[in-house]
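Asks: sequence below, structure please.
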Amino acid sequence: MGGKVVRRYLADAHRYDRGRGWSRVADLPRPVVAAPSPAMADASGLSVFGGDDGSQVGGAPEKHRGFDENIFRFNLKTGSWTIHGESPAPRATVPLTRRGSSWVIPSGEVRPGVRSPEVWSFSPR
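Replies: Below is the predicted model:
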(Lines give C-alpha, C1' and ligand atoms only; values in the text may rest on other atoms or scores of the structure.)
Protein backbone atom coordinates (compact mmCIF):
# COMPACT_ATOMS: atom_id res chain seq x y z
CA MET A 1 0.00 0.00 0.00
CA GLY A 2 2.13 2.83 -1.27
CA GLY A 3 5.28 1.28 0.22
CA LYS A 4 3.83 1.39 3.74
CA VAL A 5 3.84 -1.77 5.83
CA VAL A 6 0.33 -2.81 6.84
CA ARG A 7 -0.39 -5.45 9.48
CA ARG A 8 -3.30 -7.80 9.04
CA TYR A 9 -4.52 -9.40 12.27
CA LEU A 10 -5.88 -12.90 11.71
CA ALA A 11 -8.41 -14.96 13.67
CA ASP A 12 -8.00 -18.26 11.83
CA ALA A 13 -6.93 -21.34 13.77
CA HIS A 14 -5.42 -24.67 12.78
CA ARG A 15 -4.98 -28.03 14.46
CA TYR A 16 -2.24 -30.60 14.00
CA ASP A 17 -3.08 -34.30 14.22
CA ARG A 18 -0.24 -36.79 14.10
CA GLY A 19 -0.64 -38.89 10.98
CA ARG A 20 -3.11 -36.49 9.36
CA GLY A 21 -1.23 -33.20 9.48
CA TRP A 22 -2.75 -29.71 9.70
CA SER A 23 -6.44 -28.86 9.35
CA ARG A 24 -8.36 -25.67 9.84
CA VAL A 25 -10.74 -25.39 12.80
CA ALA A 26 -13.26 -22.70 13.75
CA ASP A 27 -11.94 -19.15 13.73
CA LEU A 28 -11.34 -17.42 17.06
CA PRO A 29 -14.01 -14.87 18.08
CA ARG A 30 -11.45 -12.14 17.24
CA PRO A 31 -7.75 -11.93 16.37
CA VAL A 32 -5.26 -12.96 19.04
CA VAL A 33 -1.65 -12.10 18.19
CA ALA A 34 1.46 -12.66 20.33
CA ALA A 35 -0.54 -14.32 23.15
CA PRO A 36 1.42 -16.20 25.82
CA SER A 37 2.49 -19.42 24.15
CA PRO A 38 2.29 -22.24 23.69
CA ALA A 39 -1.40 -22.27 24.57
CA MET A 40 -2.43 -24.10 27.73
CA ALA A 41 -3.66 -27.54 26.67
CA ASP A 42 -5.41 -30.41 28.42
CA ALA A 43 -7.38 -33.48 27.34
CA SER A 44 -10.52 -31.49 26.45
CA GLY A 45 -9.06 -28.48 24.65
CA LEU A 46 -6.80 -25.47 24.86
CA SER A 47 -6.89 -21.99 26.29
CA VAL A 48 -5.44 -18.81 24.78
CA PHE A 49 -4.74 -15.92 27.16
CA GLY A 50 -4.58 -12.21 26.35
CA GLY A 51 -2.71 -11.24 23.23
CA ASP A 52 -3.17 -8.34 20.86
CA ASP A 53 -6.41 -8.07 18.88
CA GLY A 54 -5.13 -5.17 16.76
CA SER A 55 -7.90 -2.79 17.82
CA GLN A 56 -5.44 -0.18 19.12
CA VAL A 57 -2.97 -0.16 16.22
CA GLY A 58 -2.03 3.31 15.07
CA GLY A 59 -2.76 5.01 18.36
CA ALA A 60 -0.17 6.70 20.55
CA PRO A 61 1.76 3.99 22.47
CA GLU A 62 1.38 5.84 25.79
CA LYS A 63 -2.42 5.76 25.39
CA HIS A 64 -2.54 1.99 24.77
CA ARG A 65 -5.03 0.47 27.26
CA GLY A 66 -3.30 -2.91 27.45
CA PHE A 67 -4.05 -6.25 25.87
CA ASP A 68 -7.27 -8.26 25.70
CA GLU A 69 -8.13 -9.86 29.05
CA ASN A 70 -10.37 -12.57 27.59
CA ILE A 71 -9.37 -16.20 27.85
CA PHE A 72 -10.52 -18.06 24.75
CA ARG A 73 -11.19 -21.79 25.14
CA PHE A 74 -11.24 -24.23 22.22
CA ASN A 75 -13.31 -27.33 22.94
CA LEU A 76 -11.92 -30.37 21.11
CA LYS A 77 -15.25 -32.21 21.25
CA THR A 78 -17.44 -29.42 19.83
CA GLY A 79 -14.75 -27.77 17.70
CA SER A 80 -15.83 -24.33 18.90
CA TRP A 81 -14.35 -21.37 20.79
CA THR A 82 -15.90 -19.71 23.86
CA ILE A 83 -14.83 -16.95 26.22
CA HIS A 84 -13.77 -18.86 29.31
CA GLY A 85 -13.11 -16.02 31.72
CA GLU A 86 -10.69 -13.13 32.09
CA SER A 87 -6.99 -13.03 32.81
CA PRO A 88 -6.06 -10.83 35.79
CA ALA A 89 -2.82 -9.99 33.97
CA PRO A 90 -3.25 -9.91 30.18
CA ARG A 91 0.13 -10.13 28.49
CA ALA A 92 1.71 -10.48 25.06
CA THR A 93 5.06 -11.70 23.75
CA VAL A 94 5.77 -14.04 26.66
CA PRO A 95 6.11 -17.78 27.17
CA LEU A 96 3.49 -19.79 29.04
CA THR A 97 5.04 -22.73 30.82
CA ARG A 98 3.92 -25.52 33.09
CA ARG A 99 5.41 -26.01 36.55
CA GLY A 100 3.97 -29.04 38.32
CA SER A 101 0.19 -28.62 38.28
CA SER A 102 0.45 -24.84 37.77
CA TRP A 103 1.03 -22.63 34.74
CA VAL A 104 3.39 -19.66 34.82
CA ILE A 105 3.51 -16.41 32.81
CA PRO A 106 6.88 -14.75 33.54
CA SER A 107 6.94 -11.05 32.65
CA GLY A 108 5.51 -10.17 29.21
CA GLU A 109 4.37 -6.91 27.69
CA VAL A 110 1.49 -5.06 29.35
CA ARG A 111 1.32 -2.82 26.28
CA PRO A 112 3.64 -2.44 23.29
CA GLY A 113 7.25 -1.92 24.41
CA VAL A 114 6.43 -1.99 28.15
CA ARG A 115 7.48 -5.19 29.93
CA SER A 116 6.20 -6.21 33.35
CA PRO A 117 8.49 -7.50 36.13
CA GLU A 118 5.58 -9.60 37.45
CA VAL A 119 5.45 -13.39 37.36
CA TRP A 120 1.95 -14.92 37.44
CA SER A 121 1.20 -18.50 38.43
CA PHE A 122 -2.20 -20.16 38.32
CA SER A 123 -3.79 -23.59 38.51
CA PRO A 124 -6.73 -24.38 36.21
CA ARG A 125 -9.99 -25.47 37.85
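
Asks: residue closest to the middle of the protein?
Replies: For the chain, the residue sitting closest to the mean C-alpha position, by Cα atoms, centre = their mean, is residue 35 at 3.0 Å.

Asks: what's the burial count for the nearest residue to it once chain neighbours are set aside?
Replies: Closest residue to residue 35 in three dimensions, ignoring its sequence neighbours and counting by Cβ to Cβ, 6 or more residues apart in numbering: residue 51, at 3.1 Å. The C-beta positions use only the backbone N, C-alpha and C, and glycine is treated the same way. Counted with other Cβ atoms under 10 Å, the neighbours of residue 51 add up to 25.

Asks: what's the answer for residue 12, then?
Replies: Residues within reach of residue 12, counting by other Cβ under 10 Å, total 10.

Asks: what residues does stretch 56-74 touch?
Replies: Contact with stretch 56-74 is made by 7, 9, 13, 25-26, 28-30, 32, 45-53, 80-88, 90-92, 109-113, as judged by Cβ atoms under 8 Å, 6 or more residues apart in numbering.

Asks: and the end-to-end length of that stretch?
Replies: 25 Å (Cα to Cα, to the nearest Å).

Asks: could you give the average pLDDT over it?
Replies: Per-region confidence: stretch 56-74 scores 93 on mean pLDDT.

Asks: tell me what residue 120 is bridged to.
Replies: Counting by DSSP bridges, residue 120 is bridged to residue 105.

Asks: swap in residue 75?
Replies: Residues in beta-bridge contact with residue 75 (DSSP bridges): residue 45, residue 80.

Asks: that one touches residue 42, doesn't it?
Replies: No. In this structure residue 75 lies outside contact range of residue 42 using Cβ atoms under 8 Å: 11.0 Å.

Asks: and the contacts of stretch 56-74, which of them are in helices?
Replies: Judged by DSSP state H, the contacts of stretch 56-74 include no members of helices.

Asks: just the buried members of the residues you listed?
Replies: Among those, those scoring as buried are 13, 28, 32, 45-53, 81, 84, 87, 90-92, 109-112 (criterion: 16 or more other Cβ atoms under 10 Å).
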